[in-house]
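Q: pasted the sequence and its predicted model underneath.
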Amino acid sequence: MQGFALYPFDPPGDIAALRADLRSWLAVNQPQGDVVARANCWASFDADFSHALGAAGYVGMTLPKRYGGGDRHPLERYVVIEELLAAGAPVGAHWIADRQTGPLILRYGSEEQRQRYLPGIAKGELYACIGLSEPGAGSDLAGVRTTARETAEGWRINGQKIWTTGAHFSHIMLALVRTEEGSERNAGLSQLLIDLDTPGIAILPIIDMAGHHDFNEVFFDDVLVPHGALVGERGQGWKQVTAELGLERSGPERYLSSHALFVALIDAAGPEPAPAIATLIGELAAEMWTLRQLSMSTAAKLAAGEDPMVEASVVKELGNAFEQDMPRRVQAIVDCGWGDEDDLAKLLRALLIASPSFSLRGGTREVIRGIIARGLGLR
Amino acid sequence: MSAAREMLCDTARAVFAEAATAGIAPVEEAGFSLLLVPEEQGGFGGDWGDANAVLQIAGVLAPDLPVAELIAVEALQPAATVSMMAGAMGQALALSIEHVNTRQQFGRPLGKFQAVQQSLAVMACEVRAVEAAAAALAARLDTVGLDATAADLEIAAAKLRANRAVGVVTAIAHQVHGAIGFTEEYDLNRVTIPLMRWRTAHGNDAYWAQRLGRQVAGLGGRGLWEAMTARGA
């Protein structure tokens, strides 16, 4: 792995104007009040907000116009995502469809699938979940046992997915399933696009330790979907999925999940903070500034058509550590009771409880470090 | 990297290799003090991107020589130190990778052991972060015409980030090397000792954290984001 040179982040068009427009739009349209929803906001579900955002042209930005998208440059989308997260906007409803499923359908999907799903995604009305993890497999994604067998009527699916974020409000699932009988590990897997109202699908909630319902178990009992549900090439599911994961490792969400707390800390400290607080603010700001450079550079590399798997993993590793440590470091320094009801205390409590998930979603820390080690050429 | 900067780096590698034993004289003779001097004043007319590249090489090959002082004015010494640190950390990582891929224990290369891989991944993240900080600082300095005051936020952030990486990088580099890395003859100490020294040079962690923290407090929570986005992309 060569030394890190910043890849030029050079979006077309007037980026300052794009930021300004979005900031004005958010000032009018962002729901006010719920301070906790502003933390870790890419998990905050608000369908009304997603519809409005889609109508304003800020969802599906990189999709072609003929599918209802904005035909914008990926780095323009990056700037919009940054602004949404920095403002704590509730983008959880359309998040996965916009970030992963839409681009994946565009890249690998059939023309029929594109026409059927992409316009709804771009409107912020059609939501998606990702069917990867299974019981007993966890981070070992190649341990998929859910099967889809091709019959005269279509694909017949049996099995179970778990830890499926948003399945309970999603319209479609992009699932990794075993289509070749007797296949092992990452061979013989394919991706199927499943309408979640198909008979035979049962979705059961898993409540997390924060009391939230984000995860689900999803059961498939003889579920029949059409032949046209296959995405991309039969048997190439593993390749398609790993490409998809690259899209979710290096975005601004990897260091901005705790941003609302940082804002509250700075505002509570005031312009003349005590030395210990000033030190903490300085340390967090240095880390955040550096992470932003790494993330933007990786996004630029992705946009240029390269595959910066190692850089993306570095962003995820450092970014997760930063957003996970931040609540603990704030708690260690700031005088703040567990039951206090001011904004800083409420955010701190919510993020302390949510933060264990930050280094799990999108690949565990150990898996990510393994990818980096391979990229270093350790043999 | 531009062709001109590639050539500059080739020269730097040759000159600093010589300077490692001959002292600062070859660096002076090669004209590196003119790197940032405008062409119309008889200089090389380089920018901070050039300085960053040259100083990273100096950080590897001639970390004990006053190359930063030769190239940069006083106000830019902290920025120059960040570049030297990035170079030295990259070298510590390269030496570590080379060592664990070569050295066999328990019947296989050390680099095959998951625990060693995880440690080196942590180290690599720190090194990449400092390299990115040095590059982003260079971009800012070039945007503001090398005005250290206009880049104070970036200088403080980059120096603090580099300082904080020193502990992790030196500890892991020495740990994976075992006893050989602790010998005088082996190359690792030629970068780890300078890294330890640079952590205090031109301000330690506490100094820069205070300086940056007070700036940020003055901006306010939302103001920090607005300032960051206004100062680059």
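A: Alright, I've got the coordinates.

Q: only C-alpha atoms from now on, for both contacts and neighbour counts.
A: Will do.

Q: check contacts around the most centrally placed residue in chain B.
A: Centroid check for chain B by Cα atoms, centre = their mean gives residue B:86 as the closest residue, at 2.3 Å. Contacts here follow Cα atoms under 8 Å, 6 or more residues apart in numbering or on different chains; on that basis residue B:86 touches B:56, B:59, B:127, B:130-131, B:134, B:162.

Q: show me the shaky parts of chain A.
A: Within chain A, the stretches with pLDDT under 70 are A:1-3, A:246-247.

Q: take stretch B:151-168, keep the C-alpha atoms, and write them as PDB.
A: The C-alpha coordinates for stretch B:151-168 follow below in PDB (Å, rounded to 0.1, in the frame of the first residue of the first chain):
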ATOM      1  CA  ALA B 151      -4.300  28.300   8.200                       C
ATOM      2  CA  ASP B 152      -4.100  28.300  12.000                       C
ATOM      3  CA  LEU B 153      -7.100  25.900  12.400                       C
ATOM      4  CA  GLU B 154      -5.500  23.400  10.000                       C
ATOM      5  CA  ILE B 155      -2.000  23.700  11.400                       C
ATOM      6  CA  ALA B 156      -3.300  23.100  14.900                       C
ATOM      7  CA  ALA B 157      -5.500  20.200  13.800                       C
ATOM      8  CA  ALA B 158      -2.700  18.500  11.800                       C
ATOM      9  CA  LYS B 159       0.000  18.900  14.400                       C
ATOM     10  CA  LEU B 160      -2.300  17.700  17.200                       C
ATOM     11  CA  ARG B 161      -3.400  14.700  15.100                       C
ATOM     12  CA  ALA B 162       0.200  13.900  14.200                       C
ATOM     13  CA  ASN B 163       1.200  14.200  17.900                       C
ATOM     14  CA  ARG B 164      -1.500  11.800  19.000                       C
ATOM     15  CA  ALA B 165      -0.500   9.200  16.400                       C
ATOM     16  CA  VAL B 166       3.100   9.100  17.700                       C
ATOM     17  CA  GLY B 167       2.300   6.900  20.700                       C
ATOM     18  CA  VAL B 168       0.400   4.400  18.700                       C
END
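
Q: which strands or helices does the longest helix along chain B pack on?
A: For chain B, the helix with the greatest residue count under DSSP state H is helix B:114-143. Judged by 3 or more Cα pairs under 8 Å, 6 or more residues apart in numbering or on different chains; DSSP states H and E, helix B:114-143 is in contact with helix A:275-303, helix A:309-333, helix A:365-376, helix B:48-61, helix B:77-102, helix B:152-177.

Q: and after the helix or strand where residue A:22 lies, which helix or strand comes next?
A: Taking DSSP states H and E as the criterion, residue A:22 maps to helix A:15-29. Downstream of helix A:15-29, the next assigned helix or strand under DSSP H and E is helix A:47-55.

Q: who's in contact with that following helix?
A: Here helix A:47-55 makes contact (Cα under 8 Å, 6+ apart) with A:29-31, A:59-60, A:90-91, A:93-94, A:122-125.

Q: redo that, cut-off 6 Å
A: With Cα atoms under 6 Å, 6 or more residues apart in numbering or on different chains as the test, helix A:47-55 has contacts from A:93, A:123-125.

Q: also stretch A:129-143?
A: So stretch A:129-143 is contacted by A:161-162, A:166-167, A:173-176, A:185-186 (Cα under 6 Å, 6+ apart).

Q: neighbour-wise, which of the residues you listed leads?
A: Neighbour counts for the contacts of stretch A:129-143 (other Cα atoms under 10 Å in any protein chain shown) peak at residue A:176, which has 27 neighbours.

Q: got the contact list for it?
A: Here residue A:176 is in contact with A:132, A:190-191 (Cα under 6 Å, 6+ apart).

Q: which non-adjacent residue is nearest residue B:70?
A: residue B:33 (5.2 Å; Cα to Cα, 6 or more residues apart in numbering or on different chains).

Q: hang on, the earlier thing: list the buried residues of the longest helix of chain B.
A: For helix B:114-143, burial by neighbour count (16 or more other Cα atoms under 10 Å in any protein chain shown) applies to B:116-141, B:143.

Q: in CSV, list the helices and strands packed on helix B:114-143 along with distance to residue A:256.
A: CSV is the format used below for those (distance: least, Cα to Cα, whole Å):
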stretch, distance to residue A:256
helix A:275-303, 8
helix A:309-333, 7
helix A:365-376, 18
helix B:48-61, 28
helix B:77-102, 25
helix B:152-177, 17
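
Q: below-threshold pLDDT in chain B: ranges please.
A: B:233.

Q: what parts of it come near chain A?
A: For chain B, the residues in contact with chain A (Cα under 6 Å from any Cα of the partner chain) are B:111-112, B:117-118, B:121, B:125, B:128, B:131, B:133, B:157, B:161, B:209-210, B:212-214, B:217-218, B:220-221.

Q: within its sheet, name the partner strands of the helix or strand where residue A:157 lies and how each one runs.
A: Under the criterion of DSSP H and E, residue A:157 resides in strand A:155-161. Each strand paired with strand A:155-161, and its direction, by DSSP bridges: strand A:147-150 (antiparallel), strand A:213-225 (antiparallel).

Q: make a markdown table out of the ones you listed and add mean neighbour count.
A: Converted to a markdown table, the strands paired with strand A:155-161 look like this (neighbours: other Cα atoms under 10 Å in any protein chain shown):
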| stretch | mean neighbour count |
| --- | --- |
| strand A:147-150 | 20 |
| strand A:213-225 | 19 |
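
Q: now these in JSON lines, please, with extra columns for distance to residue A:9.
A: Formatted as JSON lines, those follow (distance: least, Cα to Cα, whole Å):
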{"stretch": "strand A:147-150", "distance to residue A:9": "42"}
{"stretch": "strand A:213-225", "distance to residue A:9": "33"}
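
Q: nearest to residue A:346, out of the ones you listed?
A: Nearest of the strands paired with strand A:155-161 to residue A:346, taken as Cα to Cα: strand A:213-225 at 19.1 Å.

Q: show residues contacting whatever helix or strand comes next after that closest one.
A: Beyond strand A:213-225 on the C-terminal side, the first helix or strand identified by DSSP H and E is strand A:230-231. Contacts of strand A:230-231 with the rest of the structure, by Cα under 6 Å, 6+ apart, involve A:109, A:191-192.

Q: which element is the residue of the stretch 1-150 of chain A found nearest chain B on?
A: When scored by Cα to the nearest Cα, the stretch 1-150 of chain A has residue A:4 as its residue closest to chain B, at 5.7 Å. Assigned by DSSP H and E, residue A:4 belongs to no helix or strand.

Q: next: the one 3 residues further on.
A: Assessed by DSSP H and E, residue A:7 sits outside every helix and strand.

Q: count of neighbours near the nearest residue to it once chain neighbours are set aside?
A: Here the nearest residue to residue A:7 in space, its sequence neighbours aside, is residue A:297; by Cα to Cα, 6+ apart that works out to 4.7 Å. Using other Cα under 10 Å, residue A:297 has 25 other residues around it.

Q: surely residue A:297 and residue A:5 touch.
A: No: counting by Cα atoms under 6 Å, residue A:297 does not reach residue A:5; the two are 8.6 Å apart.

Q: quick one, phi psi at residue A:203?
A: The phi and psi values for residue A:203, taken as degrees, to the nearest 10, are phi -120, psi 120.

Q: the one 4 residues further on now?
A: Comment: the main-chain dihedrals of residue A:207 come out as phi -90, psi 130, following degrees, to the nearest 10.

Q: wait, what's in contact with it?
A: The contact partners of residue A:207, by Cα under 6 Å, 6+ apart, come to residue A:213.

Q: circling back to that earlier point, out of the contacts of strand A:230-231, which sit inside strands?
A: The members of the contacts of strand A:230-231 that map onto strands under DSSP state E are A:191-192.

Q: format the contacts of strand A:230-231 as JSON lines; extra columns: neighbour count and distance to chain B.
A: Listed next are the contacts of strand A:230-231 as JSON lines, based on neighbours: other Cα atoms under 10 Å in any protein chain shown; distance: Cα to the nearest Cα, whole Å:
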{"residue": "A:109", "neighbour count": "23", "distance to chain B": "33"}
{"residue": "A:191", "neighbour count": "29", "distance to chain B": "31"}
{"residue": "A:192", "neighbour count": "27", "distance to chain B": "34"}
